[in-house]
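Student: pasted the sequence and its predicted model underneath.
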Amino acid sequence: MTKCQRIANELLATEKNYVERLFLLDQIFQMEIILANSVKKMIPEAIIPQIFSNTKSIYLLHLNFLLPALEKAIASRPEAPNIGEAMMKIAPFLKMYIEYVRNFDRARQMLLYWVDKSPKFAELLEELQKRPECGLLTLQHHMLEPIQRVPRYELMLKDYLKHLPQNSPDRKSAEITLKLVNEAAQHSNDAMRKIEKFRSLLDVNEKLGEDIDLISPTRELVKEGKVMRVSAKDGTLLDRYIFLFNDLLLVCQGGTLTLSQQFRIKSKMNLDDMEIVESNNLEIPNTFYVRCQKNSIELHTSTDEEKDEWQSAFVRTIEDYQSKMRTTKRRMTMMHPVKTDQLGKRAPTWVKDNETSMCMRCAAAFTTFRRRHHCRACGLVICRHCSTHKVTLEFSSNAEDRVCCYCFGVLTGGKTTKRSSETKRSSETKRPNDTKRSNDDDEDDGVVGRLTCVSISDATAKVDEKLKGGKLKLQVRKLANTNKNKFNNNNNHNKLLLL
């Protein structure tokens, strides 16, 4: 079999699989949601086409035209199939992918919003995703398929032309087809670059099952890998798998928990006050400590090189995160909301959603389920817990509008409402079926308690408090005496301190 034949067969095989994926999107997810929603309304009807965009048109194009054309081309000339000619007439219609790609970000946000807002919709989606034909993948995963398909055509056609003889009658058709595919692929390539980070988060989120929701517009996966944790109880080595994000560290235990869940979270550590400290462990080489205010763990790697890679990744990520925190502090300090005596009388200028990644009242990081809201009185971007009040605003024709608790206190002449410490939330939004940790686990989850709703100056102070000890000055302290016993070495050891 020639290389061109293998490429043609691969193209046909992947096209069949792709049509099956489109069938899932259109006939399983979209149609089932439409039918269920017509029986009992879960979400507005207009939302469904916004989520699925022009999926049906794409599905029909491949089912009725492209797949039959490829099958005919290979069946008629299996020794030298004219792939270029088969695709040339259909390639111009691949431009319909442009609409799908442009709508993808909005479709994803719309899906996440209604999963959070409508429990019945979330339940239906969960049932559909559990069907065998869905391969235990989420709707979001299947929605990525169309974005990846056109760039794949481009790669396969380039490979096909590379091995196609110069005198082949299919060369001219293949070159024309590749040019047409390139135009559609450019939009998909741009989108692929934008959603690559999102897909990484989605993959990790599914590996962790129900333990945590990681999806956030500002979160990125920096590094992941297998390490060993040195038990604080008896020094034994425990298998661990860690995920380092640009704002969070997850230390996990591996093993097959369910068909989809591969890891269980054993420890969560925020980067606010994290430091990396060189270990003085004389029995186990290549160890170092990861410390934050509420937790400290000792990690062991297989080689010096691996240890250096992890330490460099930690230092760089902590520096970047704390630098952004300082920038946020300056922005919050410079923010000038509506003057107190003008609250409710004049419409404020709204802070744009993409200008802040945390609540401007309590400094809580926004996630998929901790969404952005605007105070109608001062215009700041706030979380749901800081915007539970409504008050009459003069500039809004005396209509009741959502305001932050600080503005509510000012406008009603009362004190700013603070949330009870008993209702503190974890730094990450947990799902209802949060898995329980084993009793013999000596790790602390390191979750920082939620902040109360405060004024801008107080919120700035909270951010400033997180940055204490965050100057990130690197200092190496050598062993004072290598002949001293291990007990004495606890006070005189190599340290890599982030002060």
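Tutor: That came through fine.
Student: counting neighbours, what do you get for residue 19?
Tutor: Residue 19 has 15 neighbouring residues, counting by other C-beta atoms under 10 Å. Glycine gets a C-beta too; all of them are placed from N, C-alpha and C.
Student: before we move on, what about residue 186?
Tutor: The local packing of residue 186 (other C-beta under 10 Å) involves 15 other residues.
Student: helix/strand/coil for it?
Tutor: helix (DSSP: H, G, I helix; E, B strand; the rest coil).
Student: do you know how far it is from residue 154?
Tutor: Per C-beta to C-beta, to the nearest Å, residue 186 is found 9 Å from residue 154.
Student: repeat that for residue 349.
Tutor: Residue 349 sits 45 Å away from residue 154, going by C-beta to C-beta.
Student: so between the two, which is more surrounded?
Tutor: Comparing residue 349 with residue 154 by other C-beta under 10 Å, the one with more neighbours is residue 154, at 17 against 11.
Student: which elements pack onto the helix or strand the more buried one falls within?
Tutor: Take DSSP states H and E as the rule and residue 154 turns out to sit in helix 145-163. Judged by 3 or more C-beta pairs under 8 Å, 6 or more residues apart in numbering; DSSP states H and E, helix 145-163 is in contact with helix 3-23, helix 83-88, helix 97-117, helix 171-207.
Student: quick check: buried residues in it?
Tutor: Residues 145-147, 149-154, 156-157, 159-161 are the ones in helix 145-163 that count as buried (16 or more other C-beta atoms under 10 Å).
Student: pick the one among these closest to residue 356.
Tutor: residue 147 (28.3 Å; C-beta to C-beta).
Student: show the pLDDT at that closest one.
Tutor: As predicted, residue 147 sits at a pLDDT of 85.
Student: right, and it touches residue 101 too?
Tutor: Yes: with contacts counted by C-beta atoms under 8 Å, residue 147 reaches residue 101, the gap being 5.9 Å.
Student: what about the spatially closest residue to residue 165 that is not a sequence neighbour, how many residues close to it?
Tutor: Closest residue to residue 165 apart from its sequence neighbours, by C-beta to C-beta, 6 or more residues apart in numbering: residue 171 at 7.6 Å. Counted with other C-beta under 10 Å, residues neighbouring residue 171 total 16.
Student: cool, the one 5 residues further on as well?
Tutor: A count of nearby residues for residue 176, using other C-beta under 10 Å, gives 15.
Student: do the same with residue 133
Tutor: Residue 133 has 10 nearby residues by other C-beta under 10 Å.
Student: surely it meets residue 25?
Tutor: No: counting by C-beta under 8 Å, residue 133 does not reach residue 25; the two are 11.6 Å apart.
Student: what angle do the helix holding residue 154 and helix 97-117 make?
Tutor: Helix 145-163 and helix 97-117 are oriented at 150 degrees to each other (axes from the mean of the first three to the mean of the last three C-alpha atoms, to 10 degrees).
Student: show residues contacting helix 145-163.
Tutor: The contact list for helix 145-163, computed with C-beta atoms under 8 Å, 6 or more residues apart in numbering, reads 2-4, 7-8, 10-11, 14, 18, 21-22, 25, 55, 58, 83-84, 87, 94, 97, 100-101, 104, 171, 174-175, 177-178, 181-182, 184-185, 188-189, 191-192, 195.
Student: poorly predicted segments of the chain, please.
Tutor: By pLDDT under 70, the low-scoring segments of the chain are 187-196, 210-211, 216-217, 255-261, 328-338, 367-369, 414-499.
Student: can we see that at 50?
Tutor: Within the chain, the set of residues satisfying pLDDT under 50 comprises 416-456, 468-499.
Student: any idea where the strands of it begin and end?
Tutor: In the chain, the segments counted as strands under DSSP state E are 221-230, 237-245, 248-253, 264-270, 275-278, 287-292, 295-300, 373-374, 381-382, 389-393, 399-403, 474-477, 495-498.
Student: quickly run through the sheet partners of the third one, with directions.
Tutor: Spelled out, that is strand 248-253. strand 237-245 (antiparallel), strand 264-270 (antiparallel) (DSSP bridges).
Student: who wins for proximity to residue 288 among those strands?
Tutor: For residue 288, the closest of the strands paired with strand 248-253 is strand 237-245, at 12.4 Å, according to C-beta to C-beta.
Student: quick check: buried residues in that closest one?
Tutor: Residues of strand 237-245 classed as buried: 238, 240-245 (neighbour count, 16+ other C-beta under 10 Å).
Student: the helix holding residue 154 vs helix 3-23, what angle?
Tutor: Going by the same axes, to 10 degrees, helix 145-163 makes 170 degrees with helix 3-23.
Student: now helix 145-163, how far from the centre of its chain.
Tutor: From the chain centre to the centre of helix 145-163 is a distance of 27 Å (C-alpha atoms, centre = their mean, to the nearest Å).
Student: and the angle from that helix to helix 171-207?
Tutor: Going by the same axes, to 10 degrees, helix 145-163 makes 140 degrees with helix 171-207.
Student: can I get helix 145-163 in PDB, CA atoms only?
Tutor: Output of helix 145-163 as PDB, limited to C-alpha atoms (Å, rounded to 0.1, in the frame of the first residue of the first chain):
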ATOM      1  CA  GLU A 145     -14.500  18.400  17.600                       C
ATOM      2  CA  PRO A 146     -15.600  20.800  14.800                       C
ATOM      3  CA  ILE A 147     -12.900  23.300  15.700                       C
ATOM      4  CA  GLN A 148     -10.300  20.600  15.400                       C
ATOM      5  CA  ARG A 149     -11.600  19.000  12.200                       C
ATOM      6  CA  VAL A 150     -10.700  21.600   9.500                       C
ATOM      7  CA  PRO A 151      -7.000  22.000  10.600                       C
ATOM      8  CA  ARG A 152      -6.800  18.200  10.400                       C
ATOM      9  CA  TYR A 153      -8.000  18.300   6.800                       C
ATOM     10  CA  GLU A 154      -5.200  20.800   6.100                       C
ATOM     11  CA  LEU A 155      -2.500  18.600   7.600                       C
ATOM     12  CA  MET A 156      -3.700  15.500   5.800                       C
ATOM     13  CA  LEU A 157      -3.900  17.200   2.400                       C
ATOM     14  CA  LYS A 158      -0.400  18.600   2.800                       C
ATOM     15  CA  ASP A 159       0.900  15.100   3.600                       C
ATOM     16  CA  TYR A 160      -1.100  13.800   0.600                       C
ATOM     17  CA  LEU A 161       0.400  16.300  -1.800                       C
ATOM     18  CA  LYS A 162       3.900  15.600  -0.400                       C
ATOM     19  CA  HIS A 163       3.700  12.000  -1.500                       C
END
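Student: shouldn't residue 390 be in contact with residue 403?
Tutor: Yes: applying C-beta under 8 Å, one finds residue 390 in contact with residue 403, separated by 6.9 Å.
Student: compare these two (neighbour count), which wins?
Tutor: With neighbours defined as other C-beta under 10 Å, residue 390 and residue 403 compare such that residue 403 has more, 28 against 13.
Student: show me what contacts that one?
Tutor: Counted by C-beta under 8 Å, 6+ apart, residue 403 has contacts 375-378, 387, 389-391, 393, 411.
Student: filter those residues down to the buried ones, PyMOL style.
Tutor: To isolate the buried members of those in PyMOL, using 16+ other C-beta under 10 Å:
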select buried, resi 375+376+377+378+387+389+391+393+411
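Student: can you lay out the contacts of residue 403 as a markdown table showing distance to residue 63?
Tutor: Output for these, formatted as a markdown table (distance: C-beta to C-beta, whole Å):
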| residue | distance to residue 63 |
| --- | --- |
| 375 | 49 |
| 376 | 48 |
| 377 | 53 |
| 378 | 53 |
| 387 | 47 |
| 389 | 52 |
| 390 | 50 |
| 391 | 55 |
| 393 | 53 |
| 411 | 58 |
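Student: appreciated, that's everything.
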